[in-house]
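>>> Quick one: sequence and predicted model below, then my questions.
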Amino acid sequence: MRQKIGYLIKLLIGVLLVIWILSQVDQKKFIDYFQHLGVKEFIYVCILGLFSLCIQYIRWKFLVNSYGSEIEPKDLFPSFLAGFTLRLMIPGGHAEWSKAFLMSGRKKGKIVAVGMEKILPAIYKLIMIGLVLPISFPQYKFLGIGLVVGTILIYFISLRLKIIQNLLEKKVSTHYLFFITSLQSTGIFLLSTAQYYILLNQDYVFSFLNSMHANVYLWAAGIFPVSISGLGIREGLAIYFFRMGGVSSADAVATSLYLFTLNTVLPALIGIYYLYNKKQNLKTLKDTYRSSKEFLSNLIQNSKEP
């Protein structure tokens, strides 16, 4: 019940933020944005989004193969898309962990893979924010430096924790995995930046470098557990950073929501098909979610024991 309330609060915060932001912008210009979206730009952005999904899938496959065992290749793609669905569909922080239970074979390594799919990119994003913060806000340069140093220290300290070592199903080099996933995350970041660049340059002159600068914050919005997938937070950041390049608030919000729909909501809708295709109807899916919570809790509890 507590997790459901937490989920609803996050969803409510995101929705209310979007509603409030939309009430502050020129709504006619917001609607005009979608009506005048160029076909060529639409195709380019969709292609970039597809490439981004491919890299995300490669990262998921890489982590599962690195941490897991008894892997069925046919389970990888459905579980990958189902992750988008579970992230938006089910309350609680354990939701996306459930995709490990949509795969056959041993679950322990696959659960660790899900965790690392969230943790390693989050570390990368925090380091990026720390590096860019002194450029965006020179008065907070020490905060940026502290964020980078603190994130790196937490990364190395956490690897030495006994609970982390006990969770591993087989010996892996986390440093190597972090390096590879960081390269993959860089590709995803650049593709996302290119999407913003193409859409904004329909009506404005907005450099790719400025797009990168703004996207560091927009891309990382989802790691802060304030709303669902950064909804509302990202749109507010878009207004602030794109306004520096002369972009109207309406166009900034419209661009952000459009790319959120394309890059997150659309894969989640496709993921529903794979959930049902694996005969995961809503009742079964709820049972899978509950069993994943119990398994995860027991796994962590056992890992604490000597």
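Here it is on my side, so go on.
>>> show me where pLDDT drops low in the stretch 101-250 of the chain?
161-167, 169, 225-227 (pLDDT under 70).
>>> Do a quick rundown of the helices in it.
Secondary structure of the stretch 101-250 of the chain (DSSP state H, counting those that start in this stretch): helices located at 108-136, 141-159, 162-167, 174-200, 208-219, 233-243, 249-260.
>>> what angle separates the first one from helix 141-159?
Translated: helix 108-136. Interaxial angle, helix 108-136 versus helix 141-159 (axes from the mean of the first three to the mean of the last three Cα atoms, to 10 degrees): 170 degrees.
>>> And for the last one?
Interaxial angle of helix 249-260 relative to helix 141-159 (the same axes, to 10 degrees): 10 degrees.
>>> Show me what helix 249-260 is packed against.
Counting contacts by 3 or more Cβ pairs under 8 Å, 6 or more residues apart in numbering; DSSP states H and E, helix 249-260 packs against helix 2-24, helix 27-35, helix 174-200, helix 233-243. Just so you know, the C-beta spots here come from the backbone N, C-alpha and C atoms, and that holds for glycine as well.
>>> Serialize the ones you listed to JSON lines and add fields for distance to Val149.
As requested, the helices and strands packed on helix 249-260 are exported to JSON lines (distance: least, Cβ to Cβ, whole Å):
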{"stretch": "helix 2-24", "distance to Val149": "29"}
{"stretch": "helix 27-35", "distance to Val149": "41"}
{"stretch": "helix 174-200", "distance to Val149": "16"}
{"stretch": "helix 233-243", "distance to Val149": "24"}
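>>> now the ones you listed in CSV, with mean neighbour count and distance to Leu48?
Compiled in CSV, those are given as follows (neighbours: other Cβ atoms under 10 Å; distance: least, Cβ to Cβ, whole Å):
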stretch, mean neighbour count, distance to Leu48
helix 2-24, 14, 24
helix 27-35, 13, 18
helix 174-200, 19, 5
helix 233-243, 21, 18
